[in-house]
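Engineer: sequence? don't have it. structure:
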């Protein structure tokens with residue numbers, strides 16, 4: 001992948017390397033154009049996959065809701081927000097991030113997305129406030145304060 005837009009011609013044992021638009025590097029997707037939308041969507045889908053693998057725990061009646069929420073914050077959110085410091089957060093990404101948080105809370109509370117319950121009702125029932133977006137923004141700000 002060339003970042004300046006000019007195609008490279010690199011030969012190894014007389015075979016040319018293929019040009020790619022994205023490639024994985026240390027668990028993140030690096031895009032040719034510098035966009036992070038693909039990485040953002042991939043991260044949220046990986047977080048949802050982790051949440052789905054914990055379905056037995058979410059359905060358990062012996063675990064309190066507060067513990068389930070703490071587990072979601074400890075097990076699901078780090079997977080979904082890995083390398084979030086380099087994301088470009090636009091309104092669309094902020095909305096998706098808040099939707100990801102609410103979807104997780106609905107799973108924990110066993111409230112279907114078709115049930116006519118507002119997000120505020122879900123937050124009151126779980127006795128929490130929205131904090132995933134604020135956490136991501138704080139991490140981005142802390143990262144920009146450290147790096148020159």
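Structural biologist: In hand now; what should we look at? The model shown is predicted, which means the values in this text are computed figures rather than measured ones. Numbering: from 1, shown residues only.

Engineer: now the longest helix belonging to the chain, how far from the centre of its chain.
Structural biologist: If you go by DSSP state H, the chain has its longest helix at helix 91-109. Distance, stretch centre to chain centre, for helix 91-109: 10 Å (CA atoms, centre = their mean, to the nearest Å).

Engineer: Give me the residues contacting that helix.
Structural biologist: Residues from elsewhere that reach helix 91-109 (CB atoms under 8 Å, 6 or more residues apart in numbering): 37, 40-41, 44, 47-48, 51, 55, 58, 65, 68-69, 72, 76, 80, 87, 89, 112-113, 119, 122-123, 125-126, 128, 130-133, 136. Placement of C-beta: from N, CA and C, glycine included.

Engineer: Past the helix or strand bottoming out on mean pLDDT in the chain, which element shows up next along the chain?
Structural biologist: Lowest by mean pLDDT, DSSP states H and E among the helices and strands of the chain is strand 28-31, with a mean of 67. From strand 28-31 onward toward the C-terminus, using DSSP states H and E, the following helix or strand is helix 37-53.

Engineer: Report all helices and strands that whichever helix or strand comes after that next one contacts.
Structural biologist: Sequence-wise, the next helix or strand downstream of helix 37-53 (DSSP H and E) is helix 55-59. Packing partners of helix 55-59 (3 or more CB pairs under 8 Å, 6 or more residues apart in numbering; DSSP states H and E): helix 65-71, helix 91-109.

Engineer: Rebuild these as TSV, extending it with mean neighbour count.
Structural biologist: Converted to TSV, those look like this (neighbours: other CB atoms under 10 Å):
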stretch	mean neighbour count
helix 65-71	15
helix 91-109	18
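
Engineer: So which of those is nearest residue 14?
Structural biologist: helix 91-109 (43.8 Å; CB to CB).

Engineer: now the closest one: mean pLDDT?
Structural biologist: Averaged across helix 91-109, pLDDT comes to 95.
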